[in-house]
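Trainee: just to be clear, the model below is a prediction. Sequence and coordinates:
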Amino acid sequence: MVNDLSFFETVYQVARMIPEGRVTSYGAIAKFIGSPQAARMVGYAMNGSHTQKEFVPAHRVVNRNGMLTGKHHFGGPETMRELLESEGAIVEENQIKNFKELFWDPGKELMEGY
DNA sequence: GGTGTGACCAGCT
DNA sequence: AAGCTGGCCACAC
């Protein structure tokens, strides 16, 4: 099999592909890896992202509403917001205001341009 | 080793 | 229009 990576590892790889200053949703990643209904697992995978050797930009992954649902898992409730604002995102009330503009679809951005 | 549950999403009612 | 349910895979108890 060419793909020995488990579901979680695949999620981490996709997450690392997210360009700086861009964000995506759990569902978009789930769909990209072939399990459109496994968005939940993507979120859970992010929970264990800190166990990975390589850094995983989990702060660039939010829910479909652009809301920072997992901010509490960064060791600090403000950490995720700080990281996103640091990359140019406008976060307000735990929600990315310009989410629509910053949204990065893996299944689209990676396919187009070739 | 089975059951529960989790940073979600989309479809039904 | 809004609320509930199912589904997905891995990990803790």
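Mentor: Here it is on my side, so go on.

Trainee: check chain A for its longest helix and report it.
Mentor: helix A:7-17 (DSSP state H).

Trainee: can you point out the buried residues in that one?
Mentor: A:Phe8, A:Thr10, A:Val11, A:Tyr12, A:Val14, A:Ala15, A:Met17 (16 or more other C-beta atoms under 10 Å). Every C-beta, even on glycine, is put in place using the N, C-alpha and C of the backbone.

Trainee: can I get the residues you listed in TSV with distance to DNA strand B and pLDDT?
Mentor: Putting these into TSV (distance: C-beta to the nearest atom of the strand, whole Å; pLDDT from 0 to 100) gives the following:
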residue	distance to DNA strand B	pLDDT
A:Phe8	9	92
A:Thr10	15	92
A:Val11	10	94
A:Tyr12	10	94
A:Val14	14	94
A:Ala15	9	95
A:Met17	16	94
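
Trainee: and of the residues you listed, the nearest to DNA strand C?
Mentor: A:Phe8 (4.8 Å; C-beta to the nearest atom of the strand).

Trainee: hmm, that closest one is touching A:Met46, no?
Mentor: No: at 9.4 Å, A:Phe8 does not count as touching A:Met46 under the criterion of C-beta atoms under 8 Å.

Trainee: how about the longest helix of chain A as PDB, C-alpha atoms only?
Mentor: Extracted C-alpha coordinates of helix A:7-17, given in PDB (Å, rounded to 0.1, in the frame of the first residue of the first chain):
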ATOM      1  CA  PHE A   7      -6.200   8.700   9.400                       C
ATOM      2  CA  PHE A   8      -4.700  11.000  12.100                       C
ATOM      3  CA  GLU A   9      -1.300  11.200  10.400                       C
ATOM      4  CA  THR A  10      -2.900  12.200   7.100                       C
ATOM      5  CA  VAL A  11      -4.800  14.900   8.900                       C
ATOM      6  CA  TYR A  12      -1.500  16.300  10.300                       C
ATOM      7  CA  GLN A  13       0.100  16.300   6.900                       C
ATOM      8  CA  VAL A  14      -2.800  18.200   5.400                       C
ATOM      9  CA  ALA A  15      -2.800  20.600   8.300                       C
ATOM     10  CA  ARG A  16       0.900  21.400   7.700                       C
ATOM     11  CA  MET A  17       0.100  22.200   4.100                       C
END
